[in-house]
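Q: What would the 3D arrangement of this be:
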Amino acid sequence: MKTILTRVLDLFISMPSVISLLPVFAVVAVSVRVASKGPALFKHERAGRGGKPFMFYKFRTMRVDVDLFGPSPKSADDPRLTRVGRFLREYSLDELPQLFNVLKGDMSIVGPRPLYVSQIAEWNERQKKRLQVKPGLTGLAQVCGRGGLTVEEKLELDVKYVETKSLLLDLKIIMQTIGQIFKPKGIYEKRYSQKEFTRGQLKGQANRTDSSLEQ
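A: All right, here's what the predicted structure looks like:
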């Protein structure tokens, strides 16, 4: 019953949202193409429920001729971001195409954010509990700190969401997310991990497992 209610909520929100936002989709797509050469959409394989891969969509925010494994992929000063891309990120407009992921059933409106398939190997058994539900457009970690949280803190909040999931909690997260869209803050990471990992080490690991990262 909880799964059915979640799917009903997903369709109730995503279907009218896609229809009403079609003009916005068109304007953003054209703006991305004008800002830099390349496709308007960024597509990448992410881990879905149970770790099953699915194709994830978002509007492209970076130039296509840059090092995707740069030192600060979520920094506000990242030179790889286009001017349009920076604006899209600040107001989460780059995430709008994921409404189609919700319609397809790959994602939910609320759930842990979809991460790379290769990252599953880095998680402990408790952290892997986040795979028990569909990934979401927004989640508990996104309304409790976003970029101010380390990856370990985000994973712990994801697990807490799975353990306490309810329709009431989903509605609360949705309302808090709407408020954050109009007051953008905490978008960019302050520090990646509590562990002594460097982005250079992560780059080496990612190069062995993924052929591309988020643009």
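Q: Apart from its neighbours in sequence, what residue is nearest Pro53?
A: Excluding the flanking residues, the one nearest Pro53 by C-beta to C-beta, 6 or more residues apart in numbering is Glu45, at 4.9 Å. Placement of C-beta: from N, CA and C, glycine included.
Q: Count the residues that sit near the one you found.
A: Number of residues near Glu45 (other C-beta atoms under 10 Å) recorded here: 16.
Q: Repeat that for Lys37.
A: Lys37, neighbours per other C-beta under 10 Å, totals 9.
Q: That one reaches Arg60, doesn't it?
A: No - Lys37 is not in contact with Arg60 according to C-beta atoms under 8 Å; the separation is 10.5 Å.
Q: any idea how far the residue nearest to Leu131 when sequence neighbours are not counted is from Ser92?
A: Using C-beta to C-beta, 6+ apart and skipping residues adjacent in sequence, the residue nearest Leu131 is Gly51, 5.2 Å away. Distance, Gly51 to Ser92, by C-beta to C-beta, to the nearest Å: 26 Å.
Q: who's the residue nearest to Pro53 bridged to?
A: Met55 (DSSP bridges).
Q: Pull the contacting residues for it.
A: Residues near Glu45 by C-beta atoms under 8 Å, 6 or more residues apart in numbering: 53-56, 116-117.
Q: Go again with 7 Å.
A: Neighbouring residues of Glu45 by C-beta atoms under 7 Å, 6 or more residues apart in numbering: 53, 55, 117.
Q: Show me which of these are buried.
A: Val117 (16 or more other C-beta atoms under 10 Å).
Q: What is the nearest of the contacts of Glu45 to Thr177?
A: Met55 (23.3 Å; C-beta to C-beta).
Q: For that closest one, give its distance to Pro112.
A: 18 Å.
Q: before we move on, back to that, quick one: the residue nearest to Leu131 and Ile120 touch, right?
A: Yes - in terms of C-beta atoms under 7 Å, Gly51 counts as a neighbour of Ile120; the distance is 5.6 Å.
Q: For the protein, just list every one of the helices.
A: Ranges of helices in the chain, per DSSP state H, are 2-20, 22-35, 83-90, 98-104, 151-164, 167-181, 199-209.
Q: hmm, back to that, just want to know which of Gly51 and Ile120 has more residues nearby.
A: Set Gly51 next to Ile120 and count neighbours by other C-beta under 10 Å: Ile120 wins out with 14 against 10.
Q: And the pLDDT for that one?
A: Looking at Ile120, its pLDDT stands at 95.
Q: How about the contacts made by it?
A: Counting by C-beta under 7 Å, 6+ apart, the residues that Ile120 touches are 47, 51, 128.
Q: Show only the entries of the residues you listed found in strands.
A: Ala47 (DSSP state E).
Q: Mind putting the contacts of Ile120 into a markdown table with distance to Lys104 and pLDDT?
A: Formatted as a markdown table, these follow (distance: C-beta to C-beta, whole Å; pLDDT from 0 to 100):
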| residue | distance to Lys104 | pLDDT |
| --- | --- | --- |
| Ala47 | 16 | 97 |
| Gly51 | 18 | 95 |
| Lys128 | 24 | 96 |
